[in-house]
Structures are given as C-alpha cells and as structure tokens.
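Participant: Prediction below, plus the sequence it came from.
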Amino acid sequence: MAYVQRVRRPFWQRSRDETVEERPAAEVTPVSTRPRVVSQVIWFVAGVVLILLAFRFVLSLLGANTTNSFAHFIYTTSHPFVAPFFGLFSYNDIRYGVSRFEVYTLVAMAVYAAVAWILAYLADIGRR
C-alpha cells in the first residue's frame, strides 16, 4: 500500500471551498519493524548500574554510616562495578563513613554510560 502525503497550504491562505490535494509520496525505504528489545535491555541494565553508582557517590559524599543497612547494601552491591577504577587516581585509603569525593565513582559512571551507548548503537546498527 502506497504512503500518501497530504499537501496543503496553511489555513490562513486557503479559501473555504478549497479541498486538500492528496498525492503519492516518493518511495520511502521502510524502517525495520523489529522491536529494539536488545538496546532497551542494554539501557535498562546500564540505568540500574548508573543509579546504583549515583547512590554510592552521594552516600560517600555525605559520609553515610556503613552500619546502616541501606548504605551497607549500596556499598557492597556497587563495589564490583567501582573496583576496577580504585587504583586509577592512587587512592589507597578507601574508608567508608567519612565524607569524601569519589572521583573513581564518577569515572566508572562515565565509562559504563559510554559502554552502554556503544553496545546499544551496535545492537541497532541493522535498523539504520
């Protein structure tokens, strides 16, 4: 079935008895109707990791007490995602419960967002 494009002048330039002209549009390449499930899953997982790291950053910035169950959960859950970046800035003193600015957490967030963007782009490359 051909795609039909409506062509008409703006309403302020039309007369009352003017009809809308319909003409077939140029050939349009169909876009894949395949759902973008893979890229949506990638962004969902990346969103969960990024939210977890954001909570970690805010809790460490405010010096959250690690005996609190919520802070302990956030620190232990996000530790595997931040651990590769611990030695990046020579921070050998990793203490919890003290207010500090965790640059490595921000770098981890940037790296995981970039990796998710690249993976989602590669997953959707066939749709373009």
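Facilitator: Yep, it's here. None of the values given here were measured: they were computed from a predicted structure.
Participant: Any stretches of the chain with poor pLDDT?
Facilitator: Regions of the chain meeting the criterion pLDDT under 70 cover residues 1-35, 90-97, 127-128.
Participant: so where do the helices sit in it?
Facilitator: Taking DSSP state H as the criterion, the chain contains helices spanning 37-62, 69-82, 103-123.
Participant: do you know which of those lies nearest residue 89?
Facilitator: Relative to residue 89, the nearest member of those by C-beta to C-beta is helix 103-123, separated by 5.6 Å. Placement of C-beta: from N, CA and C, glycine included.
Participant: can you give me the angle the closest one makes with helix 69-82?
Facilitator: Following axes from the mean of the first three to the mean of the last three C-alpha atoms, to 10 degrees, one obtains 60 degrees for the angle between helix 103-123 and helix 69-82.
Participant: For helix 103-123, which residues meet the burial criterion?
Facilitator: 104-105, 108-109, 112-113, 116, 119-120, 123 (16 or more other C-beta atoms under 10 Å).
Participant: Give the other helices and strands that it contacts.
Facilitator: For helix 103-123, the contact count by 3 or more C-beta pairs under 8 Å, 6 or more residues apart in numbering; DSSP states H and E identifies helix 37-62, helix 69-82 as packing neighbours.
Participant: Nearest to residue 72 among the buried residues of helix 103-123?
Facilitator: For the buried residues of helix 103-123, the residue nearest residue 72 by C-beta to C-beta is residue 105; the value is 16.5 Å.
Participant: nearest residue to the closest one other than its sequence neighbours?
Facilitator: The shortest distance from residue 105 to any non-neighbouring residue, by C-beta to C-beta, 6 or more residues apart in numbering, is to residue 57 (4.5 Å).
Participant: Could you give the number of residues near the closest residue to residue 52 other than its chain neighbours?
Facilitator: The shortest distance from residue 52 to any non-neighbouring residue, by C-beta to C-beta, 6+ apart, is to residue 78 (4.9 Å). Here the number of neighbours of residue 78 (other C-beta atoms under 10 Å) works out to 22.
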